[in-house]
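Colleague: take a look and give me a structure for this.
(8 chains)
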Amino acid sequence: MSDELVIGGKSFSSRLILGTGRYRTMEDMVQAVEASGAEMITVAIRRLDLDDPGQKTLLDYIDWDRYQMLPNTAGCATVEDALFVARLGREVGKTDFVKLEVIPDPKYLFPDGAATLEAARILVQEGFVVLPYVHADPVLARQLEEAGCATVMPLGSAIGSGQGIHTVEELKIIIEQAAVPVVVDAGLAVPSDASEALELGASAVLVNTAIAQAEDPALMAEAFKHGVAAGRKAYLAGRIAVKHYAAASSPTTDVPQPAPARS
Amino acid sequence: MSDELVIGGKSFSSRLILGTGRYRTMEDMVQAVEASGAEMITVAIRRLDLDDPGQKTLLDYIDWDRYQMLPNTAGCATVEDALFVARLGREVGKTDFVKLEVIPDPKYLFPDGAATLEAARILVQEGFVVLPYVHADPVLARQLEEAGCATVMPLGSAIGSGQGIHTVEELKIIIEQAAVPVVVDAGLAVPSDASEALELGASAVLVNTAIAQAEDPALMAEAFKHGVAAGRKAYLAGRIAVKHYAAASSPTTDVPQPAPARS
Amino acid sequence: MSDELVIGGKSFSSRLILGTGRYRTMEDMVQAVEASGAEMITVAIRRLDLDDPGQKTLLDYIDWDRYQMLPNTAGCATVEDALFVARLGREVGKTDFVKLEVIPDPKYLFPDGAATLEAARILVQEGFVVLPYVHADPVLARQLEEAGCATVMPLGSAIGSGQGIHTVEELKIIIEQAAVPVVVDAGLAVPSDASEALELGASAVLVNTAIAQAEDPALMAEAFKHGVAAGRKAYLAGRIAVKHYAAASSPTTDVPQPAPARS
Amino acid sequence: MSDELVIGGKSFSSRLILGTGRYRTMEDMVQAVEASGAEMITVAIRRLDLDDPGQKTLLDYIDWDRYQMLPNTAGCATVEDALFVARLGREVGKTDFVKLEVIPDPKYLFPDGAATLEAARILVQEGFVVLPYVHADPVLARQLEEAGCATVMPLGSAIGSGQGIHTVEELKIIIEQAAVPVVVDAGLAVPSDASEALELGASAVLVNTAIAQAEDPALMAEAFKHGVAAGRKAYLAGRIAVKHYAAASSPTTDVPQPAPARS
Amino acid sequence: MIRLTVNGKARSLEDSTDLESYLVSFGVNMKHVAVGYNGEVVKKELFPEVRLRDGDVLEIVRPVGGG
Amino acid sequence: MIRLTVNGKARSLEDSTDLESYLVSFGVNMKHVAVGYNGEVVKKELFPEVRLRDGDVLEIVRPVGGG
Amino acid sequence: MIRLTVNGKARSLEDSTDLESYLVSFGVNMKHVAVGYNGEVVKKELFPEVRLRDGDVLEIVRPVGGG
Amino acid sequence: MIRLTVNGKARSLEDSTDLESYLVSFGVNMKHVAVGYNGEVVKKELFPEVRLRDGDVLEIVRPVGGG
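Modeller: Got it, this is the predicted structure:
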């Protein structure tokens, strides 16, 4: 059964998008990327250190022929900054894909919905394949889709908080209403979070801190690979309904009855 | 990495125990068993229909050389009934393994803790490998372990209800206190439930209705196989802690700044 | 102890704002208003039926000298419509207070954050006391406060859904960051929802359907009056912290010990 | 409307049972008792300090003509200990009421269901009015009722943990099945917890640590008084059903429409 | 002949009149209403000064129950 | 005449026989069943030694799907 | 010499006495206490009748704050 | 003398040069970088054509780990 995820005209077999930040070592990162089975990988765009311009970059560690690079606009608090970094990312990665983030709030890293929508409209005009990171706001999600975004990326909880998915009810509505893939991003801590998102009908998840900061990143990456597979298969397999009473899993008739030993 | 589950002196690679009830067809059941990767399978003990004594039984559909049979005492409401059915099951399956259930309540199918403990003590004396199905009661779990049970099997929610795991806090305590494997049984609906149980440190899960009654049982069995693998690996990989604020997954310094075009 | 709620320069003793929609009868509505102890009451602005222009209106049933009228912009899907209805409401009620709603989505009635922010900026310029109904989006809440809104009114769950508060984590952050009163609006079903909101530090709640559609609206209004008082007092009284273990409420020493009767 | 709670043939107007442990000062305790409106008060039974036999006891601080004393068996780990302390309490308080606790687990203070049931049967025979503290186990609750207990007292979460109510689903079933009053005991932290318990149909709650250890115990006691009133009234008023979509609280027709100014 | 749109419905007048008189002719209780006149809200004290013209669009509103 | 209760139903036998023969007479596949005899479980190897008597209560069971 | 165990501690008496007198000798307020005597609870009205003997075990208790 | 702002820091050049040469002078690996020139992003193929002028603001960036 072919069950591809299509974003921006490209097909992906994996529904796990992996971040490359916060690993303790480059080796951890490389092993986690390998173990995760991910086909799309996020990167940030930062100033080169001119006092060490020859330093290795991510480009030296990852075989980019095998992965779709997804440059992000992390660190940008305004529309202008996000546009600039998105355009730089396009040059760095030679890709139109961009994970759009406009985040004014340094403590909880929650996105600015109105600014994200404004930036998304401009980037779509410039031919970008825009994956916008936003609050789990069903109306905003619709507006981003109407603006031509390739996906919507509602948050589960605060970035890197490991709180899991707080927004189940909103996600259900966003998924119900969306014609583009819904990618749940931020807050996922364990594979059951990823599995739950896909069981609800999300098309994919984006994970970074949960894997990068796990005690064993490569093993946690493998765990998430299974979690995503589990959630997608369960979604396709059609889960049972919730009942408010029990239903015996063994027959309730023909139960053998002990007899008193004869007197 | 070898990571075996040991129950009653036997080693199992799979941490998914599968029930055989409520499938729409025997074919569904056989395919689900195959797809699940399970190595232990529950069966119920019922009266033979003497008007059709040659009818096929589960023994004709499953290659029991490949699976540990786990006869249950489902349908028993008293200690006496449970002991009798456990002893019959031992003869049928030529195994000392028994899933002990003493359930007086027909609507919610919640077990009788005191009766289960009493029956467990007797069956342990008789050399049974006892896997008792009980409420998620930490004190009762300790008593069952002290009575010599091979595992404890606390419930997630009502049998067949598909409500998932209501008993997370109690399960954490049971797992913390148990020296025998903790197997979460009943109520699991989706693989994220199974994954969550194993992430908490449970050693295995028992699933029946969620798979048997799914629209596509074999695919759901495969989903649970992944969910169990995901949860176990995540437990071993060491999850991140929960934070009440965010933590950036991209560097917060050296963000490129747009400059105004020169006048 | 004086503990007044101040909105738009006016002081209120009650922290329950009551809606006047969906009552089965005007008598139910009048009794509920009385029983609730509310001091601020929402109304909608609708076309007069010119075929029955003398028909009684809310103004004939409620003594407006005792209540602050809060006209809403319910039914408006665009900034322009909301501005127009807000201005009409100001004339009808001879008040600058307005509950601002811009809701494009007829199924879940979730608000349009960007449009609400745009309309709020204009109405604040026109001297309105703006109480904006929005998604529980911490960044948007900040922007509305910076725009000069008198409160922020994040939702608990979908209007009239009776689902209670899905947005606890977001509400905590909104409350932490807000310098204006936070009023939780929409979705509250039972007084424990109202109490929870105030325990978290919300300044007030707005309730309509939970009271109007209860079997006994006046009694439910009284229940919410108590729930709001309970939540506010608890917030001021300083709740205990959550522990992950128990703490005996009775002394653990000097427990009397039975002695065996003497042989 | 008379709405009395009847336990052991006695009527109570208040549905809040108050514990007297863990107050910082006797004054805090006395004020909290007064503010709570409680009519039943728990006490523990402990050895008198023979080096200071004249020391004041609770009996000197509370006017017991106004309150039903409820001696508990806290500190007892076995049936024998609990029986002995229950009988001592009966002499101390000159009352047949006893809060039965049999708790072998010092860390989480979870009760021993089988031992509690055994002790309850004996105490009922001796004419005690038994209020047993137990896990939220629906089958055990039925057995205690059948044994002649005056109430069942399922726990919300661990004693003194302030975790609130983890056992909502089990409580619903216990309440549905019980003919005696269900009193939710342990773990309640805030009045919304108490209100929720009564909204579900519980007859009363028992609270100690949440009030005794609050920053302002008397104010928190008042908060719980309101919370209990709120929950009971809401239960009687008949809550609205939960919907998975929204329902407008304002009319959706006859919304005024702005017209363009004429050209 | 003056054609008006009032609360979304077409209405007509024989002779021109002012907003105040027009509302009175319906028996509308002034205390309870507000009026939108071609998209602008008119203060009650100005009703007498507003002379209705062909093509005018009126929204005559009052408060109803709402949340 | 020997009256038995088998799986809850009354049955009768003309002449006494042993449990093994009785089961065979039904065409029961031994490999799949267990038997409760007056409340005690009989090991299969003992089936031939168990002589059925008037009033005996038999439970003849086999495995079915269960959870 | 009479050796007692009172509230878990060893105590002794020169001469035999009754429970009532013994408690009074401590200045215990009768209204507030209950007494366990060798594992049995003694009703207050019986205190004078209980004669303390060598080896007796007493539990003298009163109410304290508890939940 | 040409004064530049490069990645937020002041730098200077003796003689005018083009962007390509300037980057090469640092030993920057072209394959890995992108450049913002006075707020506009310059395509790599155009680096040789961009002549640096006094007051120019450059942002020289590369990819790093991010989520």
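Colleague: OK, contacts around E:Lys31?
Modeller: Residues near E:Lys31 by C-beta atoms under 8 Å, 6 or more residues apart in numbering or on different chains: C:Leu59. (Each C-beta comes from the backbone N, C-alpha and C, glycine too.)
Colleague: again, but for A:His135
Modeller: Per C-beta under 8 Å, 6+ apart, neighbours of A:His135: A:Phe110, A:Pro111, A:Gly113, A:Pro154, A:Leu155, C:His135, C:Asp137, C:Val139, C:Leu140.
Colleague: again with E:Lys44
Modeller: Neighbouring residues of E:Lys44 by C-beta under 8 Å, 6+ apart: C:Glu91, E:Met30, E:Ala34.
Colleague: again, only using 7 Å
Modeller: C:Glu91, E:Met30 (C-beta atoms under 7 Å, 6 or more residues apart in numbering or on different chains).
Colleague: for the contacts of A:His135, give me TSV that also has pLDDT and secondary structure.
Modeller: Output for those, formatted as TSV (pLDDT from 0 to 100; DSSP: H, G, I helix; E, B strand; the rest coil):
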residue	pLDDT	secondary structure
A:Phe110	92	coil
A:Pro111	95	coil
A:Gly113	95	helix
A:Pro154	97	strand
A:Leu155	94	strand
C:His135	95	coil
C:Asp137	95	coil
C:Val139	96	helix
C:Leu140	97	helix
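Colleague: is the longest helix seen in chain A positioned near chain B?
Modeller: The residue-count maximum for a helix in chain A (DSSP state H) belongs to helix A:217-237. Yes - using C-beta under 7 Å from any C-beta of the partner chain, helix A:217-237 reaches chain B at A:219-220, A:222-223, A:226-227, A:229-231, A:233-234, A:236-237.
Colleague: and for stretch A:171-189?
Modeller: Yes - contact of stretch A:171-189 with chain B (C-beta under 7 Å from any C-beta) involves A:Ala189.
Colleague: what residues does chain A have near chain H?
Modeller: Going by C-beta under 7 Å from any C-beta, the residues of chain A near chain H are A:19-21, A:23, A:29, A:42-48, A:50, A:53-54, A:57-59, A:71-72, A:74, A:84, A:87-88, A:91-93, A:208-209.
Colleague: buried members of these into PyMOL, please.
Modeller: Filtering the residues of chain A next to chain H down to the buried ones (16 or more other C-beta atoms under 10 Å in any protein chain shown) takes a single PyMOL command:
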select buried, chain A and resi 19+20+21+23+29+42+43+44+45+46+47+48+50+53+57+58+59+71+72+74+84+87+88+91+92+93+208+209
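Colleague: just the ones of the residues of chain A next to chain H in strands?
Modeller: Using DSSP state E, the members of the residues of chain A next to chain H that fall in strands are A:Thr42, A:Val43, A:Ala44, A:Ile45, A:Arg46, A:Arg47, A:Pro71.
Colleague: just the element for the nearest residue to the second one once chain neighbours are set aside, please.
Modeller: If the residues on either side of it in the chain are set aside, A:Val43 comes closest to H:Pro63, at 4.1 Å by C-beta to C-beta, 6 or more residues apart in numbering or on different chains. Using DSSP states H and E, the secondary-structure element containing H:Pro63 is strand H:57-65.
Colleague: quick one: A:Leu219 and B:Leu236 touch, right?
Modeller: Yes - here A:Leu219 reaches B:Leu236: they are 6.2 Å apart, a contact under C-beta atoms under 7 Å.
Colleague: neighbour count for those two, which is higher?
Modeller: A:Leu219 (20 against 16; other C-beta atoms under 10 Å in any protein chain shown).
Colleague: what does the pLDDT read for the more buried one?
Modeller: Per-residue confidence at A:Leu219 stands at 98 (pLDDT).
Colleague: considering only the stretch 151-263 of chain A, name the residue that lies closest to chain G.
Modeller: Residue nearest to chain G within the stretch 151-263 of chain A: A:Gln163 (32.2 Å; C-beta to the nearest C-beta).
Colleague: show me what contacts that residue?
Modeller: By C-beta under 7 Å, 6+ apart, the neighbours of A:Gln163 are A:Ser157, A:Gly187, B:Val242, C:Glu169.
Colleague: those residues in strands, which ones?
Modeller: Those of those lying in strands (DSSP E): none at all.
Colleague: so, low pLDDT: which residues of chain E?
Modeller: Counting by pLDDT under 70, chain E shows no low-confidence range.
Colleague: which residues in chain E form strands?
Modeller: E:2-6, E:9-13, E:34-37, E:40-42, E:57-65.
Colleague: what about A:Thr20, distance to H:Gly67?
Modeller: 7 Å (C-beta to C-beta, to the nearest Å).
Colleague: mutual contacts of those two, please.
Modeller: With C-beta under 7 Å, 6+ apart as the test, A:Thr20 and H:Gly67 both reach A:Thr42.
Colleague: on that earlier part again, farthest-separated two in the ones in strands among the residues of chain A next to chain H?
Modeller: A:Thr42 and A:Arg47 (18.2 Å; C-beta to C-beta).
Colleague: okay, buried residues for stretch A:205-215 please.
Modeller: For stretch A:205-215, by 16+ other C-beta under 10 Å, it's A:Val205, A:Leu206, A:Val207, A:Asn208, A:Thr209, A:Ala210, A:Ile211, A:Ala212, A:Gln213, A:Ala214.
Colleague: closest to D:Asp65 among those residues?
Modeller: Nearest member of the buried residues of stretch A:205-215 to D:Asp65, counting by C-beta to C-beta, is A:Ala210, at 60.8 Å.
Colleague: stretch E:16-29 and chain D, are they touching?
Modeller: No - figure legend: stretch E:16-29 not in contact with chain D (C-beta under 7 Å from any C-beta); closest approach 14.6 Å.
Colleague: coming back round to it: count the neighbours of the closest residue to the residue of the stretch 151-263 of chain A closest to chain G other than its chain neighbours for me.
Modeller: Spatial nearest neighbour of A:Gln163, excluding adjacent residues (C-beta to C-beta, 6+ apart): A:Ser157 at 3.8 Å. When neighbours are counted by other C-beta under 10 Å, A:Ser157 registers 24.
Colleague: distance of the closest residue in space to E:Asn7 that isn't next to it in sequence relative to chain B?
Modeller: Distance criterion C-beta to C-beta, 6+ apart; nearest residue to E:Asn7, sequence neighbours excluded, is C:Arg47 at 4.2 Å. Distance of C:Arg47 to chain B, computed by C-beta to the nearest C-beta, to the nearest Å: 47 Å.
Colleague: contact partners for C:Arg47?
Modeller: Contact partners of C:Arg47, counting by C-beta under 7 Å, 6+ apart, are D:Asp254, D:Pro256, E:Asn7, E:Glu59, E:Ile60, E:Val61.
Colleague: what's the helix or strand encompassing A:Ile173 in contact with?
Modeller: With elements taken from DSSP H and E, the one containing A:Ile173 is helix A:168-177. Here helix A:168-177 makes contact (C-beta under 7 Å, 6+ apart) with A:136, A:138, A:141-142, A:152, A:154, A:182, A:184, A:200-202, C:108, C:157, C:163, C:166.
Colleague: now do that helix against helix C:168-177, angle only.
Modeller: Counting by axes from the mean of the first three to the mean of the last three C-alpha atoms, to 10 degrees, helix A:168-177 lies at 110 degrees to helix C:168-177.
Colleague: export helix A:168-177 as CSV, just CAs?
Modeller: Provided in CSV are the C-alpha atoms of helix A:168-177 (Å, rounded to 0.1, in the frame of the first residue of the first chain):
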residue,chain,number,x,y,z
VAL,A,168,-6.1,18.0,20.9
GLU,A,169,-9.5,19.5,20.5
GLU,A,170,-8.2,22.4,18.3
LEU,A,171,-6.1,19.9,16.2
LYS,A,172,-9.2,17.8,15.5
ILE,A,173,-10.9,20.9,14.1
ILE,A,174,-7.9,22.1,12.1
ILE,A,175,-7.5,18.6,10.6
GLU,A,176,-11.2,18.4,9.8
GLN,A,177,-11.1,21.7,8.0
